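Undergrad: next one to model:
(one chain, ligands or ions: 2)
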Amino acid sequence: MQAAKQVKVFVTRRIPPEGQKLLSQVDFCSVEQWDSDEPIPRNELHKGVAGAHGILCLLSDKIDQELLDTAGPDLKVVSTMSVGFDHLSLDELKKRGIRVGYTPDVLTDATAELTVALLLSTCRRLPEAVEEVKNGGWTTWSPMWMCGLGLYNSTVGVIGLGRIGLAVARRLMPFGVKKFLYTGRQPRPENADDLHAEYVSCEKLAEDSDFVIVTCSLTPETQELCNKDFFQKMKKTSVFINTSRGSVVNQEDLYHALTSGQIAAAGLDVTTPEPLPTNHPLLSLKNCVVLPHIGSATYDTRNAMAVLAVNNLLKGLVGEPMPSELKL
Ligand code: NDP
Ligand code: DGY
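TA: Ligands and ions are numbered 1, 2, ... in the order given. Down below sits the predicted model:
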């Protein structure tokens, strides 16, 4: 270990209070931080990481070859306050022997809960119904007005039955779902068995599901996995939900599917880009509910993510096992 204060850590944003408190107690390194709730501009990020031994970043910071070159050869650890790692150039990090920490598990429940909330909001048209109350569209009780689609007796297809996918499916079971389908790179009996979920191809999942829920990680293979071909296979009465990453979806194809009646509705917590411009065509659609990437946004969860990210960073700096290290 280097002499005190020669170890430099750069933190790319103000983080939740419990993580911030932990950072303030660190005495074996000098901590520099972009002290703002807003993302750090790229040029400031370059300045900040130069000569750093450790970086604590968020999903909005792209950690690529160029940035790692700026950081230089002392960099030992990158700790991201997220479970998603598509913003990190893993090949480059591996090549340089830089260890990576991330925050799985602590956000699974909050994200699954939000996914269920988004699904119900979308299939029962809650934002549209609230708007009707406010704008005077609610004139009487009417037999077919504001009808939506229910989960009871339905088939739910999960793309990526990992931690969050499984937690979503478990929460949906009590709604009386008839059948769960899932897809991924291989069957996951350890997750699927207690749901009696059937492993199917992506095509079959699109064809047979009443609700498609995307909870996979974003990788080169899942980039735009949900595109024109996929939406064309879906039922006209089906609902599409994405809480993974925006780039798993081709948004133009989704817009077309929603406006042409190929699918009934979509709920998105993640988009490309983020934030989605307020004049984006998807935002003009009544059958599309868009949230601002709030899957893990509970106070407890964000604090737990921050604490885990700081602990990963500190363990990585002293060469000890991290609580959650990404296998590269
Ligand atoms: P896991 O690693 O547990 O699950 C990821 C899943 O992706 C696995 O089941 C994996 O299945 C699947 N997957 C990987 N490659 C493919 C593929 N080619 N086709 C289909 N499925 C694939 O991660 P988590 O459940 O913890 O998190 C999942 C993602 O959710 C994160 O990567 C992040 O992007 C997103 N997320 C979003 C949040 C939000 O706020 N909206 C909050 C938290 C996470 P298999 O290995 O069987 O292929
Ligand atoms: C993640 O952790 O990857 C989410 O997108 C934010 O919590």
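
Undergrad: who in the stretch 201-328 of the chain is up against ligand 1?
TA: Proximity of the stretch 201-328 of the chain to ligand 1 (Cβ under 6 Å from any ligand atom) is limited to residues 215-219, 221-222, 243-245, 269-270, 293, 295-296. (Each C-beta comes from the backbone N, C-alpha and C, glycine too.)

Undergrad: report the buried members of the residues you listed.
TA: Buried positions within those, assessed by neighbour count (16 or more other Cβ atoms under 10 Å), are 215-218, 222, 243-245, 269-270, 293, 295-296.

Undergrad: now the two most distant members of those residues.
TA: Thr222 and Ser296 (19.5 Å; Cβ to Cβ).

Undergrad: which of the buried ones among the residues of the stretch 201-328 of the chain next to ligand 1 sits closest to ligand 2?
TA: Ranked by distance to ligand 2 (Cβ to the nearest ligand atom), those are led by Ser296 at 3.4 Å.

Undergrad: ok, the nearest residue to the closest one once chain neighbours are set aside to Ser238 distance?
TA: Leaving out its chain neighbours, the residue that sits closest to Ser296 by Cβ to Cβ, 6 or more residues apart in numbering is Leu107, at 3.9 Å. As judged by Cβ to Cβ, to the nearest Å, Leu107 and Ser238 stand 27 Å apart.

Undergrad: quick one, phi/psi of the residue of the chain found nearest ligand 1?
TA: Nearest to ligand 1 in the chain, going by Cβ to the nearest ligand atom, is Gly162, at a distance of 1.9 Å. Gly162 adopts backbone torsions of phi -90, psi -150, taken as degrees, to the nearest 10.

Undergrad: shouldn't the residue nearest to Ser296 be in contact with Ala297?
TA: No: contact between Leu107 and Ala297 fails when scored by Cβ atoms under 8 Å: they sit 9.4 Å apart.

Undergrad: between the two, who's got more neighbours?
TA: When Leu107 and Ala297 are compared for neighbours, Leu107 comes out ahead with 25 against 15, by other Cβ atoms under 10 Å.

Undergrad: per-residue pLDDT of the more buried one, please?
TA: Among the per-residue scores, Leu107 holds a pLDDT of 99.

Undergrad: report how many residues lie close to the closest residue to Cys216 other than its chain neighbours.
TA: Once flanking residues are discounted, Cys216 sits nearest to Gly160: 2.7 Å by Cβ to Cβ, 6+ apart. Counted by other Cβ under 10 Å, the residues lying close to Gly160 total 22.

Undergrad: which other residues reach the helix ranked longest in the chain?
TA: If you go by DSSP state H, the chain has its longest helix at helix 299-317. Contacts to helix 299-317, defined as Cβ atoms under 8 Å, 6 or more residues apart in numbering, come from residues 7, 9, 15-20, 22-23, 26, 28-29, 53-54, 56, 76-77, 79-82, 99, 101-103, 106-107, 109-110, 296, 321-325.

Undergrad: which of those residues fall in helices?
TA: Those of the contacts of helix 299-317 lying in helices (DSSP H): 17-20, 22-23, 109-110.

Undergrad: circling back to that earlier point, could you flag which of the contacts of helix 299-317 are buried?
TA: Judged by 16+ other Cβ under 10 Å, buried ones among these: 7, 9, 15-16, 18-20, 22-23, 29, 53-54, 56, 76-77, 79-82, 99, 101-103, 106-107, 109-110, 296, 322-325.

Undergrad: so, low pLDDT: which residues of the chain?
TA: 1-5 (pLDDT under 70).

Undergrad: tell me which residue is most central in it.
TA: By Cα atoms, centre = their mean, the mean C-alpha position of the chain lies nearest to Ser244, the distance being 4.2 Å.

Undergrad: put the alpha carbons of stretch 257-268 into CSV.
TA: Below are the C-alpha coordinates for stretch 257-268, written out as CSV (Å, rounded to 0.1, in the frame of the first residue of the first chain):
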residue,chain,number,x,y,z
ALA,A,257,-45.7,-1.2,-33.6
LEU,A,258,-47.6,1.0,-31.2
THR,A,259,-49.1,3.3,-33.8
SER,A,260,-50.0,0.6,-36.3
GLY,A,261,-51.8,-1.6,-33.8
GLN,A,262,-49.2,-4.4,-34.0
ILE,A,263,-49.1,-4.3,-30.1
ALA,A,264,-51.4,-2.8,-27.6
ALA,A,265,-49.1,-0.8,-25.3
ALA,A,266,-45.6,-0.3,-24.0
GLY,A,267,-44.1,0.8,-20.7
LEU,A,268,-40.5,1.9,-20.6
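
Undergrad: list the contacts of it.
TA: 118-119, 121-123, 125, 149, 228, 231-232, 234-242, 246, 249, 254, 256, 282, 285, 287-291.

Undergrad: ok, back up a step: quick check: the farthest pair among the residues of the stretch 201-328 of the chain next to ligand 1?
TA: Counting by Cβ to Cβ, the most remote pair of those is Glu221 and Ser296, 23.8 Å apart.

Undergrad: ok, Ala206 - how many residues close by?
TA: Other residues close to Ala206 by other Cβ under 10 Å number 25.
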